[in-house]
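>>> Could you look at this predicted model? Sequence included:
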Amino acid sequence: MNTLNTIRKILLAYILLQTFSYGAFSQEKAVKTVPSGRNAEKIVTEENLRAGIEFLADTTFGGRATGSKGACEASMWIGRHFRDAGLLAFSGSYSHTFRTGDLVGRNMIGFMPGARRSVNETYVLVVAHYDTYGSMDGKILPGADSNASGVVAMMNIIGMFQYMKGLGRLYGSNLIFLATDAKEKSSAGAEAFMTALDEGIFRDPVSQAVISKRQIKNVVVLDILGATLEPIHKGRKDYLIMLGSAGERYDLTSANSNPGLGLDLGFDYYGSKSFTDLFHHRSGDQMVFHRSGLPVTYFSSGITRKTNKVEDDSESLNYEVFRKRILLIFHWLTKTL
């Protein structure tokens, strides 16, 4: 009987030990749980997206043509957003001026540190141009979809990363956010950025080390993201075009499985090989980066009948779908950093 009681005591002690060990393990797991990027989705609202588009596309900006008062005011708006989001500046300023012909353009550049775990830091460049042609036949071009939508998308992606940083979540690569001017002037802003990069002008705001071209892991171009006028497939207004590598396509497809997304994805430009190459490598700011040997990923909802026309106003965008596109691009970025 004593032997039996002893065995029972040993078994009970073993069971209790396992129970407490599991509880301690579970608590440790809970403490080390990495916050999900889905936590940041709530800061992106259709109301805020509309407000941003309406502001940039307002006629008081006169179309945001390079060298105009409206473009200068738009650049200051971007700078304020960079400051409020806590982005670091290069050489003490977000604004980096350049000349294109007789005009002065302004690139706006902000920096967000990554996890800083590597001796050899890498950088992902997120780009959206904010200029338009200004006016045509005496009529102001609001440029809501082209490309206030790309700029507003960028601002919300910045906000999502900052929100995750507040939760203690940092990502591997550093992020450089570049709002280019003079895209409609042969991408003079992108050219100015690459010239400065090649000349060693940009120093990491944290380490003060010169950033070299070989450290740029990817260039992500956001261009025309708000409208739903040119769907990939009939009846699917919730679509997004991404031109990039096979690995990036896989990561986007994976991110698209998140609840509430499920967009109709296109990995070429409406089935045309020549237009896919044109928009990925041979036009816009992406052409400048590709020509410099940098990998480029291009996001768009496609040129529409309203692009670069008076009708490209804030009412022409679909804000529900626009929001989903921003969330998807953010989740894709978190997988690639």
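Received, thanks. The model shown is predicted, which means the values in this text are computed figures rather than measured ones. Residues are numbered from 1 along each chain as shown.

>>> H290: which element?
Assigned by DSSP states H and E, H290 falls within helix 284-291.

>>> Pull up the per-residue confidence for the nearest residue to A65 once chain neighbours are set aside.
The shortest distance from A65 to any non-neighbouring residue, by Cβ to Cβ, 6 or more residues apart in numbering, is to G134 (2.7 Å). To be clear about C-beta, it is placed using only N, CA and C from the backbone, and glycine gets the same treatment. Note on G134: pLDDT of 95.

>>> repeat for E199
On the pLDDT scale, E199 gets 97.

>>> So it versus I211, what's the distance?
From E199 across to I211, the span is 11 Å (Cβ to Cβ, to the nearest Å).

>>> quick one: contacts for S118?
By Cβ atoms under 8 Å, 6 or more residues apart in numbering, the contact list for S118 reads G172.

>>> mind checking the SS state of it?
coil (DSSP: H, G, I helix; E, B strand; the rest coil).

>>> ok, now the one 10 residues further on?
Of the three states, A128 takes strand under three-state DSSP.

>>> Numbering from 204 from now on, please.
Sure, I'll start numbering at 204, so the last one becomes A331.

>>> name the element the closest residue to it other than its chain neighbours belongs to?
Nearest residue to A331, sequence neighbours excluded (Cβ to Cβ, 6+ apart): G353, at 3.4 Å. Assigned by DSSP H and E, G353 belongs to helix 352-369.

>>> Helices of the protein, start to end?
205-234, 249-259, 272-287, 352-369, 391-401, 449-458, 476-484, 487-494, 522-539 (DSSP state H).

>>> Tell me, how many residues neighbour R406?
13 (other Cβ atoms under 10 Å).

>>> My guess is it contacts S415. True?
No. The criterion here is Cβ atoms under 8 Å, and R406 misses it with S415 at 10.9 Å.

>>> circling back to that earlier point, pull the number of nearby residues for the residue nearest to A331.
So G353, with other Cβ under 10 Å, has 26 neighbours.

>>> likewise E250?
Residues lying near E250 (other Cβ under 10 Å) number 8.

>>> can you pull the pLDDT of it?
98.

>>> How about the contacts made by the residue nearest to A331?
331-333, 425-428.

>>> returning to that earlier point: just the buried positions in the helix holding G353, please.
By neighbour count on 16 or more other Cβ atoms under 10 Å, the buried set for helix 352-369 is 352-368.

>>> any idea of the angle it forms with helix 522-539?
Put simply, helix 352-369 runs at 50 degrees to helix 522-539, going by axes from the mean of the first three to the mean of the last three Cα atoms, to 10 degrees.

>>> thinking in terms of the whole chain, how far from its middle is helix 352-369?
How far helix 352-369 lies from its chain's middle: 7 Å, per Cα atoms, centre = their mean, to the nearest Å.

>>> and that helix, C-alpha only, in PDB?
Written as PDB, here are the backbone C-alpha positions of helix 352-369 (Å, rounded to 0.1, in the frame of the first residue of the first chain):
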ATOM      1  CA  SER A 352      -3.300  59.000 -54.500                       C
ATOM      2  CA  GLY A 353       0.300  57.700 -54.400                       C
ATOM      3  CA  VAL A 354       1.400  60.400 -52.000                       C
ATOM      4  CA  VAL A 355      -1.600  59.800 -49.600                       C
ATOM      5  CA  ALA A 356      -0.900  56.100 -49.800                       C
ATOM      6  CA  MET A 357       2.700  56.700 -48.800                       C
ATOM      7  CA  MET A 358       1.600  58.900 -45.800                       C
ATOM      8  CA  ASN A 359      -0.700  56.200 -44.500                       C
ATOM      9  CA  ILE A 360       2.000  53.500 -45.000                       C
ATOM     10  CA  ILE A 361       4.300  55.700 -42.900                       C
ATOM     11  CA  GLY A 362       1.600  56.000 -40.300                       C
ATOM     12  CA  MET A 363       1.100  52.200 -40.100                       C
ATOM     13  CA  PHE A 364       4.900  51.600 -39.700                       C
ATOM     14  CA  GLN A 365       5.000  54.200 -37.000                       C
ATOM     15  CA  TYR A 366       2.100  52.600 -35.200                       C
ATOM     16  CA  MET A 367       3.800  49.200 -35.300                       C
ATOM     17  CA  LYS A 368       7.000  50.900 -33.900                       C
ATOM     18  CA  GLY A 369       4.900  52.100 -31.000                       C
END
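
>>> quick one: average pLDDT of that helix?
Averaging pLDDT along helix 352-369 gives 98.

>>> for stretch 382-395, same thing?
98.

>>> Any chance you could list what contacts that stretch?
268-269, 274, 278, 281, 299, 301, 303-304, 306, 308-312, 330-336, 350, 354, 357, 396, 487-488, 490-492.

>>> got the buried residues for it?
Buried residues in stretch 382-395 (16+ other Cβ under 10 Å): 382-388, 390-395.

>>> Any idea how far apart the tips of that stretch sit?
Using Cα to Cα, to the nearest Å, the end-to-end distance of stretch 382-395 comes to 12 Å.

>>> That one: how far from the chain's middle?
Counting by Cα atoms, centre = their mean, stretch 382-395 comes out at 18 Å from the chain centroid.

>>> can you check stretch 347-363 too?
8 Å.
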